[in-house]
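Student: sharing a model that was predicted from the sequence below.
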Amino acid sequence: MAGLDFCFQRDLAVNATNALRALYGTVFRVGTSAEILYTSSGTSRDFAKGRTQIKYVYTVELRDTGEFGFLLPAEQILPSGLETFEGVKVIALRIIEEFARN
């Protein structure tokens, strides 16, 4: 069974991914790490979610689709950073809206 925050996390991930896609049209998948990558335990996200109760915990992968792995060609580095930042901004704004106190 998914954790209590799962729906909130997924909705925010979808919104962030949509913002990211809007810049260059890069398509990203949204799902758990086990669904998209592989099953793992004892990770920093497990600690962040389980021990410290951080509500929004994500594993973020960059734009490669398996062709280049972790060695993106130089011409893809800046677009990768810019589109990722669009997604990060969506997440940061939600966190500020939800947790900031005036």
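Tutor: Thanks, I have the structure now. Since the structure is predicted, the reported quantities are computational estimates derived from the model, not experimental observations. Numbering: from 1, shown residues only.
Student: residue 27 is in contact with residue 83, correct?
Tutor: No: using Cβ atoms under 8 Å, residue 83 is not in contact with residue 27; the gap is 10.9 Å. C-beta: built from backbone N, CA, C; applies to glycine.
Student: who has more neighbours, these two?
Tutor: Higher neighbour count among residue 83 and residue 27: residue 83, with 22 against 9, using other Cβ atoms under 10 Å.
Student: before we move on, the earlier item: joint contacts of residue 83 and residue 27?
Tutor: residue 21 (Cβ atoms under 8 Å, 6 or more residues apart in numbering).
Student: give me the longest helix you can find in this structure.
Tutor: helix 74-99 (DSSP state H).
Student: that helix: which residues count as buried?
Tutor: For helix 74-99, burial by neighbour count (16 or more other Cβ atoms under 10 Å) applies to 80, 83, 84, 86, 87, 90, 91, 94.
Student: so the most centrally placed residue in the chain: helix, strand or coil?
Tutor: With distances taken as Cα atoms, centre = their mean, residue 60 lies nearest the centre of the chain, 4.1 Å away. Using DSSP: H, G, I helix; E, B strand; the rest coil, the structure places residue 60 in coil.
Student: from residue 35, how far off is it?
Tutor: Distance of residue 60 to residue 35, given as Cβ to Cβ, to the nearest Å: 15 Å.
Student: so where is the protein shaky, pLDDT-wise?
Tutor: 1-3, 102 (pLDDT under 70).
Student: try it again with 90
Tutor: 1-7, 31-72, 100-102 (pLDDT under 90).
Student: who touches stretch 9-26?
Tutor: 27-28, 30, 55-58, 63, 79, 82-84, 86-91, 94.
Student: redo that, cut-off 6 Å
Tutor: Around stretch 9-26, the neighbours that count as contacts under Cβ atoms under 6 Å, 6 or more residues apart in numbering are 28, 30, 56, 63, 79, 83, 86, 87, 90, 91, 94.
Student: okay, it in PDB with CA atoms only?
Tutor: Provided in PDB are the C-alpha atoms of stretch 9-26 (Å, rounded to 0.1, in the frame of the first residue of the first chain):
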ATOM      1  CA  GLN A   9       3.900  13.200  -4.300                       C
ATOM      2  CA  ARG A  10       2.600  11.800  -7.600                       C
ATOM      3  CA  ASP A  11       0.500  14.900  -8.400                       C
ATOM      4  CA  LEU A  12       3.400  17.200  -7.800                       C
ATOM      5  CA  ALA A  13       5.700  15.000  -9.900                       C
ATOM      6  CA  VAL A  14       3.300  15.100 -12.800                       C
ATOM      7  CA  ASN A  15       3.100  18.900 -12.500                       C
ATOM      8  CA  ALA A  16       6.900  19.200 -12.400                       C
ATOM      9  CA  THR A  17       7.300  16.800 -15.300                       C
ATOM     10  CA  ASN A  18       4.700  18.800 -17.400                       C
ATOM     11  CA  ALA A  19       6.700  22.000 -16.700                       C
ATOM     12  CA  LEU A  20       9.900  20.300 -17.600                       C
ATOM     13  CA  ARG A  21       8.400  18.900 -20.900                       C
ATOM     14  CA  ALA A  22       7.100  22.400 -21.900                       C
ATOM     15  CA  LEU A  23      10.600  23.700 -22.400                       C
ATOM     16  CA  TYR A  24      12.000  21.200 -25.000                       C
ATOM     17  CA  GLY A  25       9.400  18.500 -25.300                       C
ATOM     18  CA  THR A  26      11.500  15.900 -23.500                       C
END
